[in-house]
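K.L.:
what follows is a predicted structure for the sequence shown.
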Amino acid sequence: MSAQPDKQQVSTLEPVSESSAGTASRRSQAPTARLYRMTIGTHICPFGLKAKHLLESKGFVVEDHPLLSREQTDAFKTEHDVKTTPQVFIDNERIGGYDDLRKHFKLSTRPKNAVSYRPIIALFSMALLMALAVSSISVGSAFSERTVGLFVAISMCLLALQKLQDVESFSSMFLGYDLLARRWVPYSYLYPFLEGGAGVLMLAETLVWLAAPVALAIGGIGAASVFKAVYIDRRELKCACVGGSNNVPLGFVSLIENVGMVLMALWMLRSIL
């Protein structure tokens, strides 16, 4: 005589079965995509990971196909006549790489070397937050008379840091419009050090007699150079203010940066006279 199943055991197993069936059903109803991405040794293609995450966030079940060797990757490229990986296929239609996948989902994509104010906005935003933090600690209030000075000084330090990462590239771009640098090339190499040094001294509120004239000089020359290049000569140039590797257009923001430096220098000179 066969043993009867225990009622407690049956009631415990039934929900698990239903849950598994529901999960399987949902997976069967979800759209699927095939992803081929390079995963060779310790190198995992970052765009492959981004593509996988994007597909999953859109509700796709991803059939992940890692390409585990250079030979396997080259064979895949040859078979599908593509030059790069990852490659995504949806409904047996090749969508393409990560950027193509973003376009497929109507998400924004940023072309390489696209003109953008994003680097300068990010830098000034961080400088403002740092100024508010330092002012809060030093004088007990985030919004104080010192906040503006801190903002300008920190901005100068951060801008100098961007230029100092590649002084050669900066100088090449700077020579495209700066009036003094065009007459004396070494100035294009000295500028990041002058800006950074003045910023540090202004931040520490020390040697103001040195920092203020330096900031006044480089800010004044910079403002005149930008105004002439943009508003008189009507030239379309990239700004060297955030270094030579960015594509920030020379214009109003660059002018404001230099004018702000001049005003800060004048304010500091007034305080010591």
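P.N.:
Thanks, I have the structure now.
K.L.:
C-alpha only now, for contacts and for neighbours.
P.N.:
Noted.
K.L.:
middle-most residue in the protein, spatially?
P.N.:
The geometric centre of the chain, computed from its C-alpha atoms, lies nearest to Pro119 (CA atoms, centre = their mean), at 6.6 Å.
K.L.:
which SSE is it in?
P.N.:
Assigned by DSSP states H and E, Pro119 belongs to helix 118-139.
K.L.:
how about residues contacting that helix?
P.N.:
Here helix 118-139 makes contact (CA atoms under 8 Å, 6 or more residues apart in numbering) with 141-144, 146-148, 150-151, 154-155, 158-159, 242, 246, 248.
K.L.:
got it, and stretch 201-217?
P.N.:
Stretch 201-217 has contacts (CA under 8 Å, 6+ apart) with 149-150, 153-154, 194-195, 197-199, 261-266, 268-269, 272.
K.L.:
and if you look at stretch 73-86?
P.N.:
Contact with stretch 73-86 is made by 35-38, 45, 47-48, 51, 67, 96-98, as judged by CA under 8 Å, 6+ apart.
K.L.:
go again with 6 Å.
P.N.:
Stretch 73-86 is contacted by residues 36-37, 48, 67, 97 when judged by CA atoms under 6 Å, 6 or more residues apart in numbering.
K.L.:
give me the below-cutoff pLDDT ranges for this structure.
P.N.:
Along the chain, segments meeting pLDDT under 70 span 1-28, 110-117, 237-252, 271-273.
K.L.:
and the furthest pair within the contacts of helix 118-139?
P.N.:
Pairwise distances across the contacts of helix 118-139 (CA to CA) peak at 34.9 Å, for the pair Ser141 and Asn246.
K.L.:
the two: which is more packed in?
P.N.:
Using other CA atoms under 10 Å, the more surrounded residue of Ser141 and Asn246 is Asn246, with 21 against 15.
K.L.:
ranges for the strands of this structure?
P.N.:
Taking DSSP state E as the test, the strands found in the chain are 32-40, 43-44, 61-67, 87-90, 93-96.
K.L.:
re the thing from before, of all the contacts of stretch 73-86, which two lie farthest apart?
P.N.:
Leu67 and Gly97 (14.5 Å).
K.L.:
so what's the residue lying closest to Val88 once chain neighbours are set aside up against?
P.N.:
Leaving out its chain neighbours, the residue that sits closest to Val88 by CA to CA, 6 or more residues apart in numbering is Leu35, at 4.7 Å. Taking CA under 6 Å, 6+ apart as the contact definition, Leu35 lies against 64-65, 87-88.
K.L.:
let's see that with 7 Å instead.
P.N.:
Leu35 sits next to 62-65, 86-89 when contact means CA atoms under 7 Å, 6 or more residues apart in numbering.
K.L.:
got the residues you listed as JSON lines, with neighbour count columns?
P.N.:
Below are the contacts of Leu35 laid out as JSON lines (neighbours: other CA atoms under 10 Å):
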{"residue": "Val62", "neighbour count": "20"}
{"residue": "Glu63", "neighbour count": "14"}
{"residue": "Asp64", "neighbour count": "14"}
{"residue": "His65", "neighbour count": "14"}
{"residue": "Pro86", "neighbour count": "26"}
{"residue": "Gln87", "neighbour count": "26"}
{"residue": "Val88", "neighbour count": "26"}
{"residue": "Phe89", "neighbour count": "18"}
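K.L.:
closest one to Ile256 out of these, please.
P.N.:
Set against Ile256, the nearest of the contacts of Leu35 by CA to CA is Pro86 (42.9 Å).
K.L.:
report the beta-bridge partners for the nearest residue to that closest one once chain neighbours are set aside.
P.N.:
In this structure, Pro86 finds its nearest non-sequential neighbour in Arg37, 4.3 Å apart by CA to CA, 6+ apart. Judged by DSSP bridges, the bridge partners of Arg37 are Pro66.
K.L.:
and Arg37, how far from Arg182?
P.N.:
Distance of Arg37 to Arg182, given as CA to CA, to the nearest Å: 49 Å.
K.L.:
which of those two has more neighbours?
P.N.:
Arg37 (26 against 14).
K.L.:
that one reaches Ser69, doesn't it?
P.N.:
No. Under the criterion of CA atoms under 7 Å, Arg37 makes no contact with Ser69, lying 10.8 Å away.
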